[in-house]
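Q: my questions are about this predicted structure, shown below with the sequence.
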Amino acid sequence: MSALTRIAREREHGLPVILLAHSMGSIAAQQYIIEHSLDIAGVALSGSVATDLLAMNSPPDGDLTAFNKAFEPARTPFDWLSRDTAAVDAYVADPPYGFQLKPASMMGMGMSARCGWQTQRNSHASARTCPSTCSPATRTR
């Protein structure tokens, strides 16, 4: 995201950089905001989650369908994605749907979330003081 921010600044001199992130990308964006808030003028998160809750409730094996338990009985393993059944059906009908994260990726997301949450609670601490395992989720996916 840092490289993309630099490219946007070079190409669009003087315009504010606004970060738009959706779903899993919003998790990485939240970490980016903590570490690079001075590099962007604003942010819009769509379909986001509270990363501290994600860190506490994520399945360690990367099986995202575990989030469906709260929706049982469910029509599909992905009802947790949306209340809109048409949107869920479109997702299921898309050939690459249903990917699972590798356990290391899920752990990386969780560590990034914990790191960001801890940094926000201790505002005097820099995000860069987090252990090196607290890297943005995009690096481990």
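A: Received, thanks.
Q: only C-alpha atoms for contact and neighbour calcs from this point on.
A: Fine.
Q: you'd agree A8 is in a helix?
A: Yes. Per DSSP: H, G, I helix; E, B strand; the rest coil, A8 lies within a helix segment.
Q: excluding chain neighbours, give the residue nearest to it in space.
A: The shortest distance from A8 to any non-neighbouring residue, by C-alpha to C-alpha, 6 or more residues apart in numbering, is to V17 (7.2 Å).
Q: ok, now which ones touch the one you found?
A: T5, A8, R9, D39, I40, A41, G42 (C-alpha atoms under 8 Å, 6 or more residues apart in numbering).
Q: ChimeraX command for the buried members of those residues?
A: To isolate the buried ones among those in ChimeraX, judged by 16 or more other C-alpha atoms under 10 Å, type:
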select :9,39
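Q: do you know the pLDDT at the residue nearest to A8?
A: If you check V17, the pLDDT there is 93.
Q: from S2, how far out is it?
A: Per C-alpha to C-alpha, to the nearest Å, V17 is found 11 Å from S2.
Q: repeat for V43
A: Taking C-alpha to C-alpha, one finds V43 at 14 Å from S2.
Q: now do the same contact list for the closest residue to I18 other than its chain neighbours.
A: Counting by C-alpha to C-alpha, 6+ apart, I18 lies nearest to G42, which is 4.7 Å off, once chain neighbours are set aside. By C-alpha under 8 Å, 6+ apart, the contact set of G42 is V17, I18, L19.
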